[in-house]
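Chemist: Kindly return the folded structure for what I paste below:
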Amino acid sequence: MFLHTKAGWQRGGELPDFALMPDGTYCPYQKICDSTHCPRIPRPSMLDTRLIARVGRTHATPSTDRAMTRDTERSLSRRDFLARSGAGGAALAAGLLVNGAAPMTAAAAGITPRLTQPSRKYPIGLELYSVRGELAKDLPNTLRTVAQMGYEDVEFYAPYLAWNFAYAKGVRSQLDDLGLRCYSTHNSAGAVTISDTMSHAIELNQILGTRHIIVASPPGNVTTLEDWKRFSGQLTTAVEQLKPHGLTTGFHNHLIEWSPLAGGMRVMDVIATNTPPEFVLQLDVGTCLEAGVDPVAWIKANPGRIRSIHLKDWTPGAAADQKGFRVLFGEGIGRWSEIFAAAESGGGVEFYLMEQEGSRYSEFESAKRCLDTYRAMRKSG
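Modeler: This is a model prediction of the structure:
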């Protein structure tokens, strides 16, 4: 534990002072914290200063509200990072409120949730964990590069929750300039189960124009059938709490959620059975394949609830041999034509998200190759 020292980085009172860390990154908190788990952003020199200059504008319409940047994690898996970040959810939220005040309302922020329809029936986006290293170095350049590839939307993951509202407006500004959308975000469970954290998550997601606040990591104390039923009850409560804000929540599966609990019921079956129809069952195809579960059967068993799908492939074998999740989209055992058909005929899919955990290519090259394969597959199919 140590005390951050203010760096005095201010922009017209809109952005808070950032604490300069020993490694040269900046922390958006102004308090004592655990440096190991502290969300940080790159040096200001790595950020697009043109976006910072825009933050002071008054935002009257969805096309004019804007903002910028974020942080990262490196060698941790996304699941591990989400689990760690969830442990300090309440304290994190308290540190993020502007000037320590109550959460800003959407009206006060000048933001109207985006209601425009996607340019195509099924937009194709990128889960930004796929380019996490590039995102850590330069968020504006990452978004520009992703947009230039032809992706239509992006999904931010857990560290975005460290943004303040001015920061989020800047990110929205660049998304709008690039023609990108953000239909969903990935979160630890605290984003929909801890009051202060949830309030902050609502405001951020409204600024970004999000539809779904997806839980990608459950609390650490959820292990038994009764635990999962209790957690499903919390998720159901969150659905009702989010409705007035034009949002909903959902759950993103990993390998463990396909494992049977005592009595033989799988975790995903418990969640599906104990949450309402509007609760999103975001399907990660890759971990479904890894578990030996048929994704097509799962989609058909939950009509209307598979509202977004992570297009991640998998094949048996070791990562060292470029197998497992190291294969690119289309190189694994996924029966993609059947998956698309099931998702679009009754699954309820609204958009797709490419996800790549790593491959023999660079992050950007991997994302580009996956998108090229997707386009060719959809064109021929």
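
Chemist: The residue lying closest to E363 once chain neighbours are set aside: what's it in contact with?
Modeler: If the residues on either side of it in the chain are set aside, E363 comes closest to V131, at 4.4 Å by C-beta to C-beta, 6 or more residues apart in numbering. Heads up, the C-betas are built off the backbone N, CA and C, glycines and all. Residues near V131 by C-beta atoms under 8 Å, 6 or more residues apart in numbering: T142, V146, E363, F364, A367.

Chemist: right, and the fourth one touches N141 too?
Modeler: Put plainly, it is F364. No. Between F364 and N141 there is no contact under C-beta atoms under 8 Å: 10.0 Å.

Chemist: For the closest residue to W228 other than its chain neighbours, give its distance to P260.
Modeler: Spatially, and ignoring its direct neighbours in sequence, W228 is nearest to V270 (4.5 Å; C-beta to C-beta, 6+ apart). Distance, V270 to P260, by C-beta to C-beta, to the nearest Å: 10 Å.

Chemist: and if you look at Y374?
Modeler: Per C-beta to C-beta, Y374 is found 33 Å from P260.

Chemist: between these two, which one's more packed in?
Modeler: Neighbour count, other C-beta atoms under 10 Å: between Y374 and P260, Y374 has more, with 20 against 11.

Chemist: list the buried ones in the strand or helix carrying the more buried one?
Modeler: If you go by DSSP states H and E, Y374 is part of helix 363-380. For helix 363-380, the neighbour count (16 or more other C-beta atoms under 10 Å) marks E363, F364, S366, A367, K368, R369, C370, L371, T373, Y374 as buried.

Chemist: what's the answer for stretch 286-305, then?
Modeler: 286-291, 293, 295-296, 298-299, 302, 305.

Chemist: which residues are contacting that stretch?
Modeler: With C-beta under 8 Å, 6+ apart as the criterion, stretch 286-305 contacts 253-255, 258-259, 268, 272, 277, 279-281, 283, 285, 306, 310, 312-314, 324-325, 332-335, 338-339, 342-343, 346-348, 355, 357.

Chemist: In ChimeraX, select just the buried ones from the residues you listed.
Modeler: In ChimeraX, a selection of the buried entries from the contacts of stretch 286-305 looks like this (16+ other C-beta under 10 Å):
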select :253,254,258,268,272,279,280,281,283,285,306,310,312,313,314,324,325,332,334,339,342,343,347,348,355,357
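
Chemist: Which ones among the contacts of stretch 286-305 map onto helices?
Modeler: Those of these mapping onto helices are M268, A272, V285, E338, I339, A342, per DSSP state H.

Chemist: now for those residues, which pair is the farthest apart?
Modeler: Greatest spatial distance among the ones in helices among the contacts of stretch 286-305 (C-beta to C-beta): A272 and E338, at 20.4 Å.
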